[in-house]
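Student: Got a sequence here, can you build the structure:
(2 chains)
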There are 2 protein chains.
Amino acid sequence: MNITAAYTDYYQLTMAQVYFGTKPNGRAVFDYYFRSNPFNSGYSIFAGLEDVLNILETLEFTASDISYLKQHGFENDFLEYLKDFRFRGSIFSSKEGDVVFPNRPILQVEANIIEAQIVETLLLNMLNFQTLIATKASRIRRSAKDGILLDMGLRRAHATGGYYASRAAAIGGFDSTSNVKAAEDYNIPSSGTMAHSFIQSYEDELQAFRDFAKMRPVNCVLLIDTYNTLRSGLPNAITVAKEMESNGTQLMGVRLDSGDLAYLSKKTRKLLDDANLDYVKIVVSNQLDEYVIKSLKDQGAPIDIFGVGTNLVTGKPDAALDGVYKLSEYNGDPRIKLSENIIKVSLPSKKQVYRMLDSTGMFYGADAVALFNEAEVAQMEHPFDATKSLNLSSFKQEPLLEKVMEDGKRTTPSRSVSEIADYSKSRLAQLPDEYKRFQNPHIYKIGLSTALKQERDTLVQKHKF
Amino acid sequence: MNITAAYTDYYQLTMAQVYFGTKPNGRAVFDYYFRSNPFNSGYSIFAGLEDVLNILETLEFTASDISYLKQHGFENDFLEYLKDFRFRGSIFSSKEGDVVFPNRPILQVEANIIEAQIVETLLLNMLNFQTLIATKASRIRRSAKDGILLDMGLRRAHATGGYYASRAAAIGGFDSTSNVKAAEDYNIPSSGTMAHSFIQSYEDELQAFRDFAKMRPVNCVLLIDTYNTLRSGLPNAITVAKEMESNGTQLMGVRLDSGDLAYLSKKTRKLLDDANLDYVKIVVSNQLDEYVIKSLKDQGAPIDIFGVGTNLVTGKPDAALDGVYKLSEYNGDPRIKLSENIIKVSLPSKKQVYRMLDSTGMFYGADAVALFNEAEVAQMEHPFDATKSLNLSSFKQEPLLEKVMEDGKRTTPSRSVSEIADYSKSRLAQLPDEYKRFQNPHIYKIGLSTALKQERDTLVQKHKF
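Tutor: Predicted coordinates for the structure are as follows:
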């Protein structure tokens, strides 16, 4: 499946047809944001932007898309319009890899409302998922400390979504992936060891290890739990490691994929060290996530490399980021969506977001959302509690949204996955530890400029019943 | 991203290189099966087969894949082999859409071990995910009874995995999808209504409804919760419905996307009926799943159409099916994978699975796994409890695995999504209700033929420590 402009929700097209027939030149601003961090995290890592921009630059309806829509009752003049459809709007966005928070714009689209509506589904689909996985990866990175992290989730991923999961995992801090296609296209380091089937295909385990070590001596990792880890797999691996030494090669590691990983890794380390194989690394896998890895670390398990699959690439247990795309301006007029729940009332108008930095360059713990033309924010208002505000005059204020696309063309250079991962790491280093802990993380404040709050409240009054 | 043979795990290629260098003509049988039904379900719906077969028929490494692998140290003779790589094996499979159960082969691959290993990741990736989603969809279909079900999950799906989610949802019993691309390619009915942004782009809600009804009178559904459902959205929708009547058109429905859906749907039905609009349907959405829909049904909520998104396409809360791919035979010899947990010991040899049917054609509640050449199974043994067995002489026995590919070519006609969905529905009708309930469903029995059990036990003895 190739992504074309038909990679959208049907209602985007029914709405587009009505706009086309009644007000084809409407200019809209839409905000992309999410309402809560996944995994009860204190922050999220924004990911997916490069893919979105690359796709938008060439997005169009194919002849087959047009023919399909013709069969479904869309009118000829609208179909003629769709034949020439291109996204010609502007995009203002947080940098990919940045540390981001709920209830403030991460990205804004400013475009003809038809174009903005048709691309909504693609944006949400790509940004929600990659941000979810980059955030999960970042949490696993934190629990693994300086351990090496390998993504090996493709077989349990959501079909081709696994391709983007591997990219997002690298942004969130994973060192390599088993996913060859993603590694190739995104220039992510690739790695892998062997499966149980490899050993099962031999009459005996030792011969399987010997053949593998002979043919693939570089980065050779032997899987030692096919029959019995401590009585068969490990002794055979030690035999082969010694044979490799006499051939001038070196066993890189052994992998444990079942059983009590804390117990087995300690036993394995001891037996390897007793055999003077202290350089042989221990790799573990089997339903790992940030909590299991933290527990292994807390138990002092001597593990060097963690292979993480299902829980990483599916973003368990949340499985989705609740990102939305809300109209905030139409033909220059501010717009809001009301809700019985005040937290779900959207913010009107095109906006900028300022991050407060303290004198050491660390994040203070507050982003202020302002109208687009406000230069800086003197005072930040609590979004709902009129008794709370914060004076911002002592902070350095960093604008977070930058123009990355204009007239449908990218205005900033593309960035590689490794550049984005490095940037993300540096940004995370600016976030104090209290926001990164797993249990009840400190809540990062999001406030509104006085002018934005006034504008929102005026609109609420206008529309309320 | 196009799926090529590099859509695999890196270790498949390192193992393949070793096989190529040491025993290039090995013939393997691999079993695809899963260990537990997702969602605590009493059954699963097998999906994804057609996609797998279509991809396998043309799967190859591109020049760019080969060049990537060359840079990563794979040897020239192996790369020459990969240039000509095709999947030339055979596949024996359950019918797509069939009701299936854990711990018995769903599909078997018989091929050169290099080919079988390289395609493993693709098979697991596609079959695990689509089976997960078809099963979720089937559960939602059960709770919705004869309500119409619309998939609207693409924006929260795992990137392009959402394309396959929409296909699997249709197999599991959904009536239509918002996903235009999937609808187009798989010939699934498409549908959609309008977003809040459409109404927000107007100065007033009534004018928004009027424009939409004028331009898109067929299957017109108005979204009534943008400002206030009962005081604004519904009265305006009723006004437009009456105007449509006088224009000779008809409002199809109104949609509720927030608030207490049981309360609001009852109020809405009453007000529509009082206005003589009993034909106007009620559509609801907002974080629905099988349990929320069951609760709405239990409360007597007069809802006609359910739009389901995130929980459907992400397969929440499980987010993955634990399907595996285990070597069961190599060069004609049976193979097993041991485990400390006896349930995880794999079954050796190429196999057939027989389903027991009672005299009325209903499933009795037992599948017997046998060696491939056993015609029928006289007695079924419990896999682990030597004191338990079941005499099968009174049942009609239906073989479940059929050859669907030979020498890399399909041997059965392709089936459309709607054919598969119809088949699935008919199979589910053969499964007694006790297996379909949400709370503690009856456990479907999986047993082994006496010969298979003996073969497994002999191998366990041979390899045990």
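
Student: Just want the phi and psi numbers for the residue lying closest to A:Leu272 once chain neighbours are set aside.
Tutor: Closest residue in space to A:Leu272, ignoring its immediate chain neighbours: A:Val280 at 5.0 Å, by CB to CB, 6 or more residues apart in numbering or on different chains. For glycine as for every other residue, the C-beta is placed from the backbone atoms N, C-alpha and C. Main-chain dihedrals, A:Val280, degrees, to the nearest 10: phi -80, psi 120.

Student: Give the burial count for A:Val280, as a bare number.
Tutor: Neighbours of A:Val280 under the rule other CB atoms under 10 Å in any protein chain shown: 24.

Student: Over to the one 5 residues further on?
Tutor: Other residues near A:Ser285 number 19, with proximity taken as other CB under 10 Å.

Student: Give me the phi and psi angles of the nearest residue to it once chain neighbours are set aside.
Tutor: Once flanking residues are discounted, A:Ser285 sits nearest to A:Gly307: 3.5 Å by CB to CB, 6+ apart. Dihedral pair for A:Gly307: phi -100, psi 120, per degrees, to the nearest 10.

Student: what about whatever helix or strand A:Glu115 lives in, average pLDDT?
Tutor: Counting by DSSP states H and E, the element that carries A:Glu115 is helix A:113-118. For helix A:113-118, the mean per-residue pLDDT is 98.

Student: can you check stretch A:89-103 too?
Tutor: 98.

Student: Please name the bridge partners of the residue nearest to A:Ser285.
Tutor: A:Leu150 (DSSP bridges).

Student: beta partners of A:Val254?
Tutor: On the basis of DSSP bridges, A:Val254 is bridged to A:Leu222, A:Ile282.

Student: how about it, what does it touch?
Tutor: If you count contacts by CB atoms under 8 Å, 6 or more residues apart in numbering or on different chains, A:Val254 has them with A:221-224, A:233-234, A:237, A:268, A:272, A:280-283.

Student: rerun that using 7 Å as the cut-off
Tutor: A:Val254 is in contact with A:221-222, A:224, A:234, A:237, A:268, A:280, A:282-283, counting by CB atoms under 7 Å, 6 or more residues apart in numbering or on different chains.

Student: what's the longest helix in chain A?
Tutor: Determined from DSSP state H, the single longest helix within chain A is helix A:120-144.

Student: which strands and helices sit next to that helix?
Tutor: Applying 3 or more CB pairs under 7 Å, 6 or more residues apart in numbering or on different chains; DSSP states H and E, we find helix A:120-144 packed against strand A:27-33, strand A:44-45, helix A:49-58, helix A:161-172, helix A:290-298, helix A:310-313, strand A:324-330.

Student: Kindly indicate the member of the contacts of A:Val254 with the most neighbours.
Tutor: Among the contacts of A:Val254, A:Ala237 has the most neighbours (other CB under 10 Å), with 30 neighbours.

Student: can I assume that one is in contact with A:Leu222?
Tutor: Yes - with contact defined as CB atoms under 7 Å, A:Ala237 counts as touching A:Leu222 (4.6 Å).

Student: shared neighbours, the two?
Tutor: Common contacts of A:Ala237 and A:Leu222, defined by CB under 7 Å, 6+ apart, comprise A:209, A:254.

Student: picking that back up, quick check: angle from the longest helix of chain A to helix A:161-172?
Tutor: 50 degrees (axes from the mean of the first three to the mean of the last three CA atoms, to 10 degrees).

Student: Please point out which parts of helix A:120-144 sit buried.
Tutor: For helix A:120-144, the buried set under the neighbour-count rule, 16 or more other CB atoms under 10 Å in any protein chain shown, comprises A:120-144.

Student: Return the backbone torsion pair for A:Met244.
Tutor: phi -60, psi -40.

Student: Good, wrapping up.
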